[in-house]
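Student: Sequence and computational prediction follow.
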Amino acid sequence: MLNKKSVDDINVKGKKVLVRCDFNVPLINGKITDENRLVAALPTIKKLISDGGKIILCSHLGKPKGQPVPELSLAPVAVRLSELLGQEVKFAADPEVVGANAKEAVANMKDGDVILLENTRYRAEETKNEDAFSKDLASLCDVFVNDAFGTAHRAHCSNVGITKYVDTAVVGYLMQKEIDFLGNAVNNPERPFVAILGGAKVSSKISVIENLIDKVDTLIIGGGMSYTFSKAQGGTVGNSLLEADYCQYALDMLKKAQEKGVKLLLPVDTVIADDFSNGANKKVVKSGEIPDGWQGLDIGPETEKIFCDAVKDAKTVVWNGPMGCFEMPNFAHGTEAVAKALADTDAVTIIGGGDSAAAVNQLGYGDKMTHISTGGGASLEFLEGKELPGVAAANDK
Ligand SMILES: Nc1ncnc2c1ncn2[C@@H]1O[C@H](COP(=O)(O)OP(=O)(O)OP(=O)(O)O)[C@@H](O)[C@H]1O
Ligand SMILES: O=C(O)[C@H](O)COP(=O)(O)O
């Protein structure tokens with residue numbers, strides 16, 4: 001359990017409560033294309049409304065690099081949040097985020113009102129965690145609530161710096177839920193505990209592999225990163241993703257797994273293509289036998305079977321990173337097979353955010369998983385065993 005004070009430990013009646021959320025959602029032409037992060041923020045907001053607080057929401061969106069970028073305004077989020085909450089979320093349009101407009105909007109709030117500030121990254125200090133903006137944010141509120149799990153791996157003004165200038169800094173329900181699920185899965189798993197890692201690069205998952213290899217019973221490695229293992233074992237990988245500098249590392253991990261009695265499963269076959277496109281010619285070959293001019297873009301059918309069997313009897317499964325280029329339908333089969341296996345198992349299934357969460361939701365298995373993290377980088381750093389600054393900064397119980 002997370003040992004931080006939460007919204008259940010404070011009385012916000014009549015108080016101004018600044019709530020840091022992660023509303024960094026994908027926007028296409030001003031339309032939100034994935035609203036999971038908005039929906040996930042609702043329980044905390046509703047609790048604070050019903051307790052009679054004056055709720056001031058804030059978040060970053062994209063990377064405007066310290067200046068107002070109209071396409072990265074949070075205005076569309078206020079509109080959608082109003083619909084989801086069934087109550088107006090007033091947007092405090094303000095290029096300075098905490099300028100005259102925002103201050104006036106806050107001054108006019110009544111108990112139970114909700115407003116949303118402009119994109120915190122319109123301010124250059126935000127990502128440098130510089131005091132001026134932390135103080136500005138703190139000046140708006142009596143109490144600070146951090147519910148932005150997706151941003152917890154960053155130490156910025158709106159989630160870390162501000163805690164120096166408020167007396168009360170607690171976490172929200174989403175933060176609690178994320179840490180409880182991910183923390184329990186990794187540190188106190190019901191066994192067998194299986195971790196499935198995929199995605200593009202070994203280099204971005206090294207610390208995760210190193211942390212998890214000490215904890216899991218079975219480690220499954222698929223996706224683009226598996227070709228580095230295949231090459232390291234003497235195979236040919238054609239034009240597949242390869243990080244030649246990591247071949248020795250791959251061999252070290254195989255040895256470590258063996259010494260620890262951890263089952264490390266790698267693909268035995270792979271779907272290869274003669275071009276990086278959905279319409280490319282494709283065929284299935286054994287792993288390590290990819291001819292020149294071809295590249296591996298998905299796990300093969302034999303591998304699917306082995307990976308899915310490994311999940312069947314698991315009690316806890318953590319999955320981070322797709323098994324192939326799932327964005328191209330012709331190479332999504334392996335990722336879909338694993339998603340389905342997770343949907344069918346009785347195990348506790350935890351999906352580390354980012355692309356894996358997108359894949360599971362896109363394939364329609366979202367509601368079959370125990371927990372889908374709203375954090376991409378944050379869940380990865382958590383799985384690496386790192387302390388997240390956004391969590392550490394809240395008041396201890
Ligand atoms: N065999 C492959 N060849 C090339 N790219 C691949 C292959 N397998 C997976 N990928 C790509 O890897 C990408 C995801 O990798 P990444 O390491 O970012 O995963 P993730 O950890 O789920 O995402 P995030 O970092 O957002 O949390 C996808 O875009 C996918 O197309
Ligand atoms: O989407 C995310 O992973 C978080 O919102 C953090 O965003 P960032 O990578 O731009 O800091």
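Tutor: Noted; the coordinates are in hand. Ligands and ions are numbered 1, 2, ... in the order given.

Student: For the stretch 151-300 of the chain, which segments are assigned as helices?
Tutor: Assigned by DSSP state H, counting those that start in this stretch, the stretch 151-300 of the chain shows helices spanning 173-187, 206-213, 226-232, 247-260.

Student: next one: phi and psi at the closest residue to ligand 1 within the stretch 51-200 of the chain?
Tutor: Using C-beta to the nearest ligand atom, the closest approach of the stretch 51-200 of the chain to ligand 1 is made by residue 199 at 2.6 Å. C-beta coordinates here come from the backbone N, C-alpha and C atoms, glycine included. The phi/psi pair for residue 199 (degrees, to the nearest 10) reads phi 100, psi -170.

Student: count of neighbours near the closest residue to it other than its chain neighbours?
Tutor: In this structure, residue 199 finds its nearest non-sequential neighbour in residue 321, 2.9 Å apart by C-beta to C-beta, 6 or more residues apart in numbering. Residues lying near residue 321 (other C-beta atoms under 10 Å) number 25.

Student: What separation do you get for residue 321 and ligand 2?
Tutor: 14 Å (C-beta to the nearest ligand atom, to the nearest Å).

Student: I would like the residues contacting the worst-scoring helix or strand of the chain on mean pLDDT, please.
Tutor: Ranked by mean pLDDT, DSSP states H and E, the weakest helix or strand in the chain is helix 354-362, scoring a mean of 86. Outside of helix 354-362, the residues within contact range by C-beta atoms under 8 Å, 6 or more residues apart in numbering are 34, 36, 198-199, 319-322, 326, 332, 335, 339, 342, 351, 366, 369, 372-374, 376-377, 379-380.

Student: swap the cut-off to 6 Å and go again
Tutor: Outside helix 354-362, the residues that touch it by C-beta atoms under 6 Å, 6 or more residues apart in numbering are 319-322, 326, 335, 339, 351, 366, 372, 376.

Student: Any chance of JSON lines for those residues, columns secondary structure?
Tutor: Output for those, formatted as JSON lines (DSSP: H, G, I helix; E, B strand; the rest coil):
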{"residue": "319", "secondary structure": "strand"}
{"residue": "320", "secondary structure": "strand"}
{"residue": "321", "secondary structure": "coil"}
{"residue": "322", "secondary structure": "coil"}
{"residue": "326", "secondary structure": "coil"}
{"residue": "335", "secondary structure": "helix"}
{"residue": "339", "secondary structure": "helix"}
{"residue": "351", "secondary structure": "strand"}
{"residue": "366", "secondary structure": "helix"}
{"residue": "372", "secondary structure": "strand"}
{"residue": "376", "secondary structure": "coil"}
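
Student: returning to what we had before: send the alpha carbons of the least confident helix or strand of the chain over as PDB?
Tutor: Output in PDB follows, covering the C-alpha atoms of helix 354-362 (Å, rounded to 0.1, in the frame of the first residue of the first chain):
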ATOM      1  CA  GLY A 354       1.900   3.600 -23.700                       C
ATOM      2  CA  ASP A 355       1.800   1.500 -26.800                       C
ATOM      3  CA  SER A 356       0.700  -1.700 -25.000                       C
ATOM      4  CA  ALA A 357      -2.300   0.100 -23.400                       C
ATOM      5  CA  ALA A 358      -3.100   1.500 -26.800                       C
ATOM      6  CA  ALA A 359      -2.900  -1.900 -28.400                       C
ATOM      7  CA  VAL A 360      -5.100  -3.600 -25.900                       C
ATOM      8  CA  ASN A 361      -7.700  -0.900 -26.100                       C
ATOM      9  CA  GLN A 362      -7.500  -0.700 -29.900                       C
END
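
Student: SS state for residue 37?
Tutor: helix.

Student: which ones are touching it?
Tutor: Here residue 37 is in contact with 22, 25, 374 (C-beta under 6 Å, 6+ apart).

Student: again, only this time at 8 Å
Tutor: Residue 37 neighbours (C-beta under 8 Å, 6+ apart): 21-25, 150, 374.

Student: Just give me the neighbour total for residue 3.
Tutor: Residue 3 - counted by other C-beta under 10 Å - has 8 other residues nearby.

Student: Check residue 8 too.
Tutor: Residue 8: 11 neighbours (other C-beta under 10 Å).

Student: In the stretch 101-250 of the chain, what residue comes closest to ligand 2?
Tutor: For the stretch 101-250 of the chain, C-beta to the nearest ligand atom, closest residue to ligand 2: residue 150, 4.2 Å.

Student: Which residue would be the closest one in the stretch 251-397 of the chain to ligand 2?
Tutor: For the stretch 251-397 of the chain, C-beta to the nearest ligand atom, closest residue to ligand 2: residue 376, 4.0 Å.

Student: didn't that residue look like it was pressed against residue 353?
Tutor: Yes - Residue 376 lies in contact with residue 353 (C-beta atoms under 8 Å); the separation is 4.4 Å.

Student: Endpoints of stretch 69-78, how far apart?
Tutor: 17 Å (C-alpha to C-alpha, to the nearest Å).
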